[in-house]
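*Asks:* Model the following, please.
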Amino acid sequence: MNFETVPLFDKQFKKLAKKYSLIKNDVEELIINFDELHQQATPIKSDLYKVRLANSNKNKGKRAGYRVYYYVKIEETVYLLTIYDKSEIEMIDEKILTECIKDIKS
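*Replies:* Numbers count the residues shown, from 1 in each chain. Presented below is the predicted three-dimensional model:
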């Protein structure tokens with residue numbers, strides 16, 4: 001399985017990395033344990049999922065951690081669309097996710 005990021009994810013990741021030094025390890029855990037975490041993910045739309053990810057800097061578990069939205073294309077490539085801290089943003093606007101997917105498909 002291949003993993004790619006979109007510009008929105010990169011921007012949000014960079015911003016969060018300034019605040020949370022262990023975010024890179026947390027996202028690597030998502031990639032390493034993807035099959036297991038994918039089973040726990042919440043389906044949003046066709047091939048679009050949201051997964052809860054623990055924030056190692058907070059030591060509070062998945063509930064108070066990050067939310068990562070990703071898009072699976074033809075079961076070969078996983079596109080990480082967005083990441084945010086649950087304590088800073090309650091939910092992401094679905095229009096943003098739709099726009100990211102549209103860019104991937106074109």
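*Asks:* Name the residue closest to the centre of this protein, please.
*Replies:* V68 (2.1 Å; CA atoms, centre = their mean).
*Asks:* which residues sit in contact with it?
*Replies:* Counting by CB atoms under 8 Å, 6 or more residues apart in numbering, V68 makes contact with V27, L30, K50, V51, L53, L80, T82, I83. Where you see a C-beta, it was placed from the backbone N, CA and C, and this is true even at glycine.
*Asks:* out of everything not next to it in sequence, what's closest to the fourth one?
*Replies:* I take that to be V51. Closest residue in space to V51, ignoring its immediate chain neighbours: A41 at 4.3 Å, by CB to CB, 6 or more residues apart in numbering.
*Asks:* circling back: among the contacts of V68, who's most crowded?
*Replies:* Of all the contacts of V68, I83 has the most neighbours under the rule other CB atoms under 10 Å, reaching 25 neighbours.
*Asks:* For beta bridges, what are the partners of that residue?
*Replies:* I83 forms beta bridges with V68, as assigned by DSSP bridges.
*Asks:* tell me the contacts of K86?
*Replies:* K86 touches R52, R63, A64, G65, Y66, R67, counting by CB under 8 Å, 6+ apart.
*Asks:* Can you show me the strands along the chain?
*Replies:* With strands called from DSSP state E, the chain shows them at 2-5, 42-45, 48-53, 66-73, 77-85.
*Asks:* so the residue nearest to V51 sits right up against D47, yeah?
*Replies:* No. With contacts counted by CB atoms under 8 Å, A41 stays clear of D47, the gap being 11.3 Å.
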